[in-house]
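> have a look; sequence and predicted model below, questions after that.
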Amino acid sequence: MADEGFSVRQRRVVVVGAARSGVAAAALLARRGAMVTLTEMRSVIDEAPALRAGGVALELGGHTPETLAAADLVVLSPGVPPDQPVLDAARRRGSEVIGEIELAWRWIRGRVIAVTGTKGKSTTTTLVGRMLDAAGRKVLVGGNIGVPLSGQVDESTADTVHVVEVSSFQLETTTTFRPWIAVWLNFADDHLDRHPSVEAYAAAKARIFANQTADDWAVVNADDPVAMARSEGIAARRELFALSGGIADGVVVDGEWIVRRTATGVDRLVPVAAVELTGRHMLGNVLAASAAASLAGCAGEAMTRALRGFRGLAHAMEPAGEIGGVRFVNDSKATNVEAARRSIESFASGVVAIVGGRFKGGDLRQLRDPLASRGRAVVAIGEAAPLVRRALDGVVPVVDAVSMREAVERGYEAAAPDGVVLLAPACASFDWFRDYAERGEVFKREVERLKAQVRR
């Protein structure tokens, strides 16, 4: 909610990093009267002409200590580690160092529903937004997906609900950020290439609750021990959800319905038949979204309308075609081991998993059990291919592929005649691709190419 005392007029502000969030923050700061410099490691950015026209000075090709030394305020893009020595020096000189989410929070006028977790953030955030929209609320969806929160500030009104996906990178640089409803979906080892430890990663996630009060809500996965432990003793009221069903109060599946159990009875929210997403873990995302939407005053009928026809997001358990009896599924967003495990467990048998990329940490051996009961083979790709082979060889056959084209072809050969080729990398994409989205798009193109080849 807007901090009326926060102003950047005539202040020297440096924005570090020119990804989507940094560009949006720089443009917003310039509109609010700051003297803005955007510093970026790349030597060329597409947004340069528009930023310069808006009054933003650009420092491209690296970050100079002198630029940061002159700043009254430093704003970090999520991809910029906050513990760099040059940033520590700025703090010692009295500069405030915050992230883009924190900056936008100080100016938005509406309420915030924030969603975090290791897996399922984008799907859940999108679903909450769809549910509130179906209920007739003014809603803006963004953050770590879509439009950065800084890009929503000018549209924000007192009756706006901002539904915001927030990553650990964004949360670790918050100081006053206070969601009305904070959702923690799950927790597993991830981003250990950025966070110094699993403990630090969990602490960053837990910041989603740090500034909440008794007027706020925390929606927490009762099946996740880390989320539960980190939410013990917080100021906000807790609303639990559990795919296992093992809670007396909260949102669960009861027969053919998603229901909210309370001390006074059971309220039916959404028929399970309305859920058109693949995978049991996706049903867990629907429980979380239903809990948040219900707390925000959304009726079950609106939630149901929002779910019908929603088959998920691109690159998240996305159907990518079928050749003969072999299905192809694109879960390129499964960038950690836990996400890949859940992807594999979404199928009963016949899975040929494409696994690999740039390893971020975790234990690939956690994929052994689901593959032992469901897997037909693994295609190992990218920098992590040797790690994949060592972790999974002996459970199912492991073959290497030196390109996505070869991965799709080898996957098809191993999955025939009736299996599933599943892109569930358990790794980042940056060895071969710009991001997970490019990886997923290339996978889908290669499936289409193979389909045309097989038909000839």
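Happy to help now that I have it.
> and the gap between the residue most central in space within the chain and residue 25?
Ranked by distance to the mean C-alpha position of the chain (Cα atoms, centre = their mean), the top residue is residue 121 at 4.2 Å. According to Cβ to Cβ, to the nearest Å, residue 121 stands 20 Å off from residue 25. Backbone N, C-alpha and C define where each C-beta goes, glycine included.
> contacts only, for the residue nearest to the centre of the chain.
115, 144, 145, 165, 166, 167, 185 (Cβ atoms under 8 Å, 6 or more residues apart in numbering).
> next one: phi and psi at it?
The phi/psi pair for residue 121 (degrees, to the nearest 10) reads phi -60, psi -50.
> and the pLDDT at it?
Residue 121 carries a pLDDT value of 94.
> ok, residue 228 next?
For residue 228, the pLDDT comes out at 97.
> am I right that it is in a helix?
Yes: assessed with DSSP: H, G, I helix; E, B strand; the rest coil, residue 228 lies in a helix.
> now do it against residue 167, distance only.
From residue 228 across to residue 167, the span is 21 Å (Cβ to Cβ).
> so between the two, which is more surrounded?
Per other Cβ atoms under 10 Å, whichever of residue 228 and residue 167 has more neighbours is residue 167, with 21 against 16.
> for the more buried one, give me its contacts.
Counted by Cβ under 8 Å, 6+ apart, residue 167 has contacts 78, 116, 121, 144.
> neighbours of the first one, how many?
The one in question is residue 78. Residues near residue 78, counting by other Cβ under 10 Å: 24.
> once you drop chain neighbours, what's closest to it?
residue 169 (4.0 Å; Cβ to Cβ, 6 or more residues apart in numbering).
> show me the chain divided up by domain.
What automatic domain parsing lists as the domains of the chain is 12-99, 108-307, 318-455.
> give me the distance between the two termini of the longest one.
End-to-end distance for domain 108-307, by Cα to Cα, to the nearest Å: 28 Å.
> so where do the strands sit in the stretch 1-150 of the chain?
12-16, 35-40, 57-60, 73-76, 96-99, 111-116, 138-143 (DSSP state E, counting those that start in this stretch).
> so where's the stretch 151-300 of the chain uncertain?
Applying pLDDT under 70 to the stretch 151-300 of the chain flags residues 189-196.
> do that again at 90, thanks
Within the stretch 151-300 of the chain, the ranges that satisfy pLDDT under 90 run 188-198, 200-201, 263, 278-280.
> pretty sure residue 348 belongs to a helix, no?
No: under three-state DSSP, residue 348 falls outside any helix and is assigned coil.
> ok, it - contacts?
Taking Cβ under 8 Å, 6+ apart, one finds residue 374 in contact with residue 348.
> please tell me how far it sits from residue 414.
17 Å.
> closest one to residue 439 out of the contacts of residue 121, please.
residue 145 (16.6 Å; Cβ to Cβ).
> these two touch, right, the closest one and residue 165?
Yes: between residue 145 and residue 165 there is a contact under Cβ atoms under 8 Å: 4.9 Å.
> residue 146: neighbouring residues, count only.
18.
> give me the pLDDT for it.
So, for residue 146, pLDDT stands at 89.
> ok, residue 89 next?
87.
> got it, and the one 5 residues further on?
Among the per-residue scores, residue 94 holds a pLDDT of 90.
> tally of neighbours for it?
8.
> want to throw the strands of the stretch 1-150 of the chain into CSV with distance to residue 244 and mean neighbour count?
Formatted as CSV, the strands of the stretch 1-150 of the chain follow (distance: least, Cβ to Cβ, whole Å; neighbours: other Cβ atoms under 10 Å):
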stretch, distance to residue 244, mean neighbour count
strand 12-16, 43, 26
strand 35-40, 46, 24
strand 57-60, 51, 16
strand 73-76, 38, 26
strand 96-99, 34, 20
strand 111-116, 21, 27
strand 138-143, 29, 22
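> could you point out which of those strands sits nearest residue 200?
strand 111-116 (14.9 Å).
> with just CA atoms, put that closest one into PDB.
Presented in PDB, the C-alpha positions along strand 111-116 are these (Å, rounded to 0.1, in the frame of the first residue of the first chain):
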ATOM      1  CA  ARG A 111      -4.100  -4.600  -2.000                       C
ATOM      2  CA  VAL A 112      -1.600  -7.400  -2.800                       C
ATOM      3  CA  ILE A 113      -2.000 -11.100  -3.000                       C
ATOM      4  CA  ALA A 114       1.600 -12.500  -3.300                       C
ATOM      5  CA  VAL A 115       2.400 -16.100  -4.300                       C
ATOM      6  CA  THR A 116       5.700 -17.800  -3.700                       C
END
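> so for that strand, mean pLDDT?
On average, strand 111-116 scores 98.
> cool, and stretch 326-339?
The predicted model assigns stretch 326-339 a mean pLDDT of 94.
> keeping just the C-alphas, turn it into CSV.
Output of stretch 326-339 as CSV, limited to C-alpha atoms (Å, rounded to 0.1, in the frame of the first residue of the first chain):
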residue,chain,number,x,y,z
VAL,A,326,3.4,-41.2,-28.3
ARG,A,327,2.5,-38.1,-26.4
PHE,A,328,4.9,-35.1,-25.9
VAL,A,329,4.6,-32.8,-22.8
ASN,A,330,6.5,-29.6,-22.3
ASP,A,331,7.3,-28.9,-18.7
SER,A,332,10.4,-26.7,-19.4
LYS,A,333,9.5,-24.7,-16.2
ALA,A,334,10.5,-27.7,-14.2
THR,A,335,13.9,-26.2,-13.5
ASN,A,336,14.6,-28.0,-10.2
VAL,A,337,14.7,-31.6,-9.1
GLU,A,338,11.4,-31.4,-7.0
ALA,A,339,9.5,-30.0,-10.0
